[in-house]
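J.: Just need the structure, nothing else, for what follows:
(chains A and B)
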Amino acid sequence: MTSHLLAIRFGTGLSPDHPVPDEPDALMDDLVGPDVAEAAFPVSDWAQRVVDLRAFVDARRAQRRATEQEADAAKEAVRAQQAVLVRNYGGDLAAALARASIAPTGFRERLVWFWADHFAVSDGQSYLRRSVGAYHDAAIRPHLAGSFGTLLREAVTHPAMLSYLDQERSVGPNSPRGREGAGLNENLAREILELHTLGVDGPYTQTDVRELAELLTGLSISRDGAPRFRRNFVEPGPETVLGKAYGGARPNRHDIGILLDDLSVHPATARHVSQKLAVHFVADEPPEDLVSVMVAAWRQSGGNLTEVYRVLVTHPTALSPELRKVRRPLDLVAAAARATGQGPALPTAGRRVLRRYVAQPLAAMGQEWLRPPGPHGWPEEAAAWVTPQGLAARLDWAQDVGQAVDTDPRDFLEVALGPLASARTRFAVEAAEDRAAGIALVLAAPEFQRR
Amino acid sequence: MGSITRRRALSLLGCSAAAFPLATPMSFASTPSDNRLVVIILRGGLDGLDALRPYGDAGLARLRPEFETGPSAEAPDLTGFHALHPSLAALLPLWQRGQLGFVQAVSTPYRGKRSHFDGQDILEAGTAGDVPNLARRDGWLNRLLPLLPGAHGRTAFAVGRDEMLILRGAADHAAWAPEARLDMAPATRDLLMHVYADDPLFRESAETAFSLAASTGEVNAERTEALFAFAAAQLRDDARIAALSLGGWDSHRNQPREVTRRLRLLAEGIERLRADLGPAWDRTLVMTITEFGRTAYQNGTMGTDHGTGGTTILAGGALSRAKVWGDWPGLSEAALLERRDVMPTRDVRAYAAWALHGLFGTDRAALERRVFPGLEMGLDPGLIA
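T.: The predicted structure is shown next:
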């Protein structure tokens, strides 16, 4: 039973191919071991995404300038480039589910989703057009088992984040560029303090936000989408954040790294982020003793995330049999992809299959792929997801998957739920009027919807 | 549904069911007002000059030589200055009864970049020109709810799958997408409710979902019409505000064909509301809003591009009279904003605020401070009968 709880609470669920983790250490071994899931299902990197974006923008420009004779060819070129972007977006989604299906435990995938949400960037225009999946693979995935300081720096200085929170255009008022009239944008500075590190109740003031915004000036993006430090944007320092002065008269991006390292080990950060991890993995209102030992591990290790996770997955309250969390839609659909064995086929299954069984249901359930509502990410609490409308979408999806999966529901129940299945669910699946209804009932059961 | 009555199940609706414990008997008489408001967000930027054609301004035909602009057999003359788009001609009887109106040359305070996303965010946030911060934004209809005495979790409904920022926020409200199928065989549904029996969150949400799905089960309508039919069903009951969105107005190309189709859907939707609301139609105001108008001139691909001043459509028995509200700025080159867009002559939020004041009696100071922060409402245009 404990093994099954570990598999659903910290991993991507039960699988016909992978044994459940026999102890919490199996999760940790998976995390520090080779990333077999990414190796098996790679996606194109950020630099390639920017190449694709530029090709799309160029094609559109060419279309606007096209003569009447060129019009058809220009239109076709735009369509072809648009198809590349759509494939990137769908490819990221298919890869996410395929990875979740073949990963030994799926703990790494769950952490990728957690941190991608903590450092949320939403799909959008310009650099963020169908490219956010590559940001996750570059800035989040390789850094989630090391120090939080490294993860923080990689995420908040990635061009995707700089674009999303308007940092690329933020200019120090006394910088060479600022004296020509450009100005400061506080967006990234505020979210670093409020969302990424200290938390909204943390010990910072509007002055800290302002000073941090001045310190961050210069972080920008080059024409080809790479990070670029624009010295003529930099507000001459020093800037005082939380009582400590950073930077001097000369622009130096290293000063920003020092500030981020300091924030990463701040006690308020340790508490805010530990609490958030416990809320995400264990309960909307997590036990205080769990959070406090995580905070202690954070502070003792200088923000070493592996140490924090180890405390989290081994703490007795984290293994309570009560399923207090509701799976978010992505987590739910991934668990189904893993349990049905269909996940690895998704990257080659074609757009229609992906839309019908994954992309559209995710949107209907309220979690459109890569489109969180803001930098604060998706809601955590069960009541935000299990609304009449959200549950209706979950039930519609369960029925569609039931129609598509060719398995005996009694066998599927053992694979997908095993000892977690309630007597009520066992009865209902036995009594289902046909195979599809039986599968749908397994997927709709609270033991599958929750974790 | 077992022993749960529909009414009791309905009372559970809303983002936080906990706000409506089962033990509290719902008083269906306790509603803020008998008046109803339907807000329709036309996403993409409605071309107001096409929906309501100010043919009396010679500039219109000059700027749009290939578009139909004048009154004709299909495009009825309303005022001697304005003609109705043929797709809206189905609404002519409403005009004749004093139940159709327009506001011309209005916009939000948004200026400059003409981005759909920023424009819609500002339209729904109801704030002044700055794009609201993503993390903290809420919508003006949500901020209205605490000002309505007796408002509850079903007073306002977001209808459809599109995210409705206009209703996002701290105040409890309801949401439902009529496109949810929930076509579960009765036996399977019974088994599902058996499985959910010990899980109150899933059980109560499922009961409400099945009940709502059943309430629109007879609606044999296309997707768009189903939105209106569902909104009408809720407003007949104890909902007083419904918000929904219609997309597809970004008519850069082939506008005559594209806009014709969209306006027909809108007219059919309004007709459906009227038919389904029955007597409640007399106490209803329908208001369309859009993120911006479009260029006054036609572009090179038989379309129009993103502009500024636009047109709001009003309908319903709560409307005071058939009228085109708003000062007309003219279409001469000097009168256009940046030589391209209809110059807005008033903030669309002022009309929305006066509508709320007229329908629900909401205090003017609260409207200017809370619902539309910083808005100066100005003179009452007298929209509400």
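
J.: Just list what the helix or strand harbouring residue A:429 packs against, helices and strands only.
T.: For residue A:429, the host element (DSSP states H and E) is helix A:423-431. Applying 3 or more C-beta pairs under 8 Å, 6 or more residues apart in numbering or on different chains; DSSP states H and E, one finds that helix A:423-431 contacts helix A:409-416, helix A:435-444, helix B:186-195. Bear in mind the C-beta positions are built from the backbone N, C-alpha and C, glycine included.

J.: residues near residue 380, how many?
T.: Using chain A here. 16 (other C-beta atoms under 10 Å in any protein chain shown).

J.: not what I meant, chain B
T.: Residues lying near residue B:380 (other C-beta under 10 Å) number 13.

J.: Same question for residue B:162.
T.: The burial count for residue B:162: 17, using other C-beta under 10 Å.

J.: Was I right to think residue A:46 contacts residue A:163?
T.: No. At 11.4 Å, residue A:46 and residue A:163 do not qualify as touching, with contact defined as C-beta atoms under 8 Å.

J.: hmm, back to that, what inclination does the helix holding residue A:429 have with respect to helix B:186-195?
T.: Relative orientation of helix A:423-431 versus helix B:186-195 (axes from the mean of the first three to the mean of the last three C-alpha atoms, to 10 degrees): 160 degrees.

J.: Report the buried residues of helix A:423-431.
T.: A:424-426, A:428-429 (16 or more other C-beta atoms under 10 Å in any protein chain shown).

J.: Tell me the secondary structure at the spatially closest residue to residue A:392 that is not a sequence neighbour.
T.: In space, and not counting its chain neighbours, residue A:392 is closest to residue B:180: 3.8 Å by C-beta to C-beta, 6 or more residues apart in numbering or on different chains. Three-state assignment for residue B:180 (DSSP: H, G, I helix; E, B strand; the rest coil): coil.

J.: low-scoring stretches of the stretch 151-300 of chain B, by residue?
T.: Along the stretch 151-300 of chain B, the model assigns pLDDT under 70 to residues B:216-222.

J.: you'd agree residue A:136 is up against residue A:118?
T.: No. Using C-beta under 8 Å, residue A:136 is not in contact with residue A:118; the gap is 11.6 Å.

J.: Just say which of the helices and strands packed on helix A:423-431 is most tucked in.
T.: Each of the helices and strands packed on helix A:423-431 was scored by mean neighbour count; the highest is helix A:435-444, a mean of 26, by mean count of other C-beta atoms under 10 Å in any protein chain shown.

J.: on that earlier part again, what about residue A:136 and residue A:118, which has more around it?
T.: Between residue A:136 and residue A:118, counted using other C-beta under 10 Å, the more crowded position is residue A:136 (23 against 20).

J.: mind listing what the more buried one touches?
T.: A:92, A:112, A:116 (C-beta atoms under 8 Å, 6 or more residues apart in numbering or on different chains).

J.: likewise residue A:271?
T.: When contacts are counted by C-beta under 8 Å, 6+ apart, residue A:271 touches A:199, A:291, A:295.

J.: and it, helix, strand or coil?
T.: For residue A:271, the assignment made with three-state DSSP gives helix.

J.: quick one: it and residue B:385, what's the gap?
T.: For residue A:271, the distance to residue B:385 equals 57 Å [C-beta to C-beta, to the nearest Å].

J.: same question, residue B:195
T.: Applying C-beta to C-beta, the value for residue B:195 to residue B:385 is 51 Å.

J.: now do residue B:309
T.: Taking C-beta to C-beta, one finds residue B:309 at 27 Å from residue B:385.

J.: more crowded one of these two?
T.: In this view residue B:309 and residue B:385 are compared by other C-beta under 10 Å, and residue B:309 has more residues nearby, 25 against 16.

J.: What's the mean pLDDT across the helix or strand where residue A:306 lies?
T.: Here residue A:306 sits within helix A:305-314, counting by DSSP H and E. Helix A:305-314 comes out with an average pLDDT of 97.

J.: just checking, what packs against it?
T.: Against helix A:305-314 (3+ C-beta pairs under 8 Å, 6+ apart) you get helix A:24-32, helix A:267-281, helix A:288-301.

J.: what's in contact with that helix?
T.: Residues contacting helix A:305-314 (C-beta under 8 Å, 6+ apart): A:6, A:10, A:24, A:27-28, A:31-32, A:107, A:111, A:144-148, A:151, A:274, A:277-278, A:281-282, A:290, A:293-294, A:296-298, A:300-301, A:318.

J.: Could you do stretch B:347-359 as well?
T.: Counting by C-beta under 8 Å, 6+ apart, B:33, B:35-37, B:103, B:106-109, B:126, B:140, B:144, B:285, B:287, B:289, B:310, B:312, B:318, B:325, B:362-364, B:367-368, B:371-372, B:375-378, B:380-384 sit against stretch B:347-359.

J.: So what's the predicted local confidence for residue B:81?
T.: So residue B:81 comes in at 98 (pLDDT).

J.: I misspoke; the intended subject was residue B:108.
T.: So residue B:108 comes in at 96 (pLDDT).

J.: mind listing what it touches?
T.: For residue B:108, counting by C-beta under 8 Å, 6+ apart, the contacting residues are B:119, B:122-123, B:291-292, B:347-349.

J.: show me what contacts the residue nearest to residue A:392?
T.: Contact analysis of residue B:180 by C-beta under 8 Å, 6+ apart lists A:364, A:389, A:392-393, A:396, B:209, B:213.

J.: Quick one: the contacts of residue A:136 as a markdown table, columns for distance to residue B:82 and pLDDT too.
T.: Shown next, in a markdown table, are the contacts of residue A:136 (distance: C-beta to C-beta, whole Å; pLDDT from 0 to 100):
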| residue | distance to residue B:82 | pLDDT |
| --- | --- | --- |
| A:92 | 49 | 98 |
| A:112 | 56 | 98 |
| A:116 | 51 | 98 |
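
J.: Closest one to chain B out of those residues, please.
T.: residue A:116 (16.2 Å; C-beta to the nearest C-beta).

J.: Identify the bridge partners of residue B:246.
T.: Beta-bridge pairing of residue B:246 under DSSP bridges involves residue B:42.

J.: re earlier: among the buried residues of helix A:423-431, list the two that are farthest apart in space.
T.: Farthest-apart pair in the buried residues of helix A:423-431 is A:424 and A:429; separation 9.7 Å (C-beta to C-beta).

J.: Surely residue A:447 touches residue A:417?
T.: Yes. Under the criterion of C-beta under 8 Å, residue A:447 makes contact with residue A:417 at 5.3 Å.

J.: Residues that sit against both of those two, list them.
T.: Residues touching both residue A:447 and residue A:417 (C-beta under 8 Å, 6+ apart): residue A:425.

J.: For the stretch 1-150 of chain B, give me the ranges with low pLDDT.
T.: For the stretch 1-150 of chain B (pLDDT under 70), the answer is B:1-31, B:129-136.

J.: now the helices for it?
T.: Using DSSP state H, counting those that start in this stretch, the helices of the stretch 1-150 of chain B run over B:6-10, B:48-51, B:58-63, B:92-96, B:116-125, B:140-144.

J.: Could you single out the most deeply buried of the ones you listed?
T.: Comparing the helices of the stretch 1-150 of chain B on average neighbours, where mean count of other C-beta under 10 Å defines a contact, helix B:48-51 leads with a mean of 28.

J.: Could I get the full set of strands for the stretch 101-250 of chain B?
T.: Here the stretch 101-250 of chain B has its strands, by DSSP state E, counting those that start in this stretch, at B:156-159, B:174-176, B:241-246.

J.: ok, now the stretch 151-300 of chain A?
T.: In the stretch 151-300 of chain A, strands defined by DSSP E, counting those that start in this stretch lie at A:219-221, A:227-229, A:239-241, A:244-246, listed in chain order.

J.: For these, give me JSON lines that also has mean neighbour count.
T.: Formatted as JSON lines, the strands of the stretch 151-300 of chain A follow (neighbours: other C-beta atoms under 10 Å in any protein chain shown):
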{"stretch": "strand A:219-221", "mean neighbour count": "21"}
{"stretch": "strand A:227-229", "mean neighbour count": "15"}
{"stretch": "strand A:239-241", "mean neighbour count": "21"}
{"stretch": "strand A:244-246", "mean neighbour count": "15"}
